[in-house]
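Engineer: Dropping a prediction and its sequence here:
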Amino acid sequence: MREKVFDYTQMAETLKVLGHPVRLRIISELIGSDKTVSELWHSVGLPQSLVSQHLSILRHSGIIKSVRKGRLVYYSVVSPIAVRILNLIQKQK
């Protein structure tokens, strides 16, 4: 029987990126529907520049992706691991 090999370095990086409350909130908002920066900063109640900084970190880590549609950029979660981690955290409430 072969063991599943995990990339612990990559997992640690993912956990580090997820270790910020603003990023967790953004991911929570993006689960189930794509949103623009404007929609996100209205829903999380933080300045657009701060939301944009966290979106950039999430995008560079591969947790979310961005798609341009005309003048707007939509963000969505693409990391199933990030979604599972967030769901586990939310179940602990």
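Structural biologist: Done, it's in.

Engineer: Report the contact partners of the residue positioned nearest the centre of the chain.
Structural biologist: Taking CA atoms, centre = their mean, the centroid of the chain lies closest to Ile27, which sits 3.9 Å from it. Taking CB atoms under 8 Å, 6 or more residues apart in numbering as the criterion, Ile27 is in contact with 18, 58, 63-64, 77, 82-83, 86. C-beta here means a position set from N, CA and C on the backbone, and glycine is covered the same way.

Engineer: What of Val44?
Structural biologist: Neighbours of Val44 in contact, by CB under 8 Å, 6+ apart: 22, 25-26, 29, 51.

Engineer: quick revisit: out of the contacts of Ile27, grab the one that's most surrounded.
Structural biologist: Leu58 (26 neighbours; other CB atoms under 10 Å).

Engineer: Double-check that one against Val17; I have them as touching.
Structural biologist: Yes: counting by CB atoms under 8 Å, Leu58 does reach Val17; the two are 6.6 Å apart.
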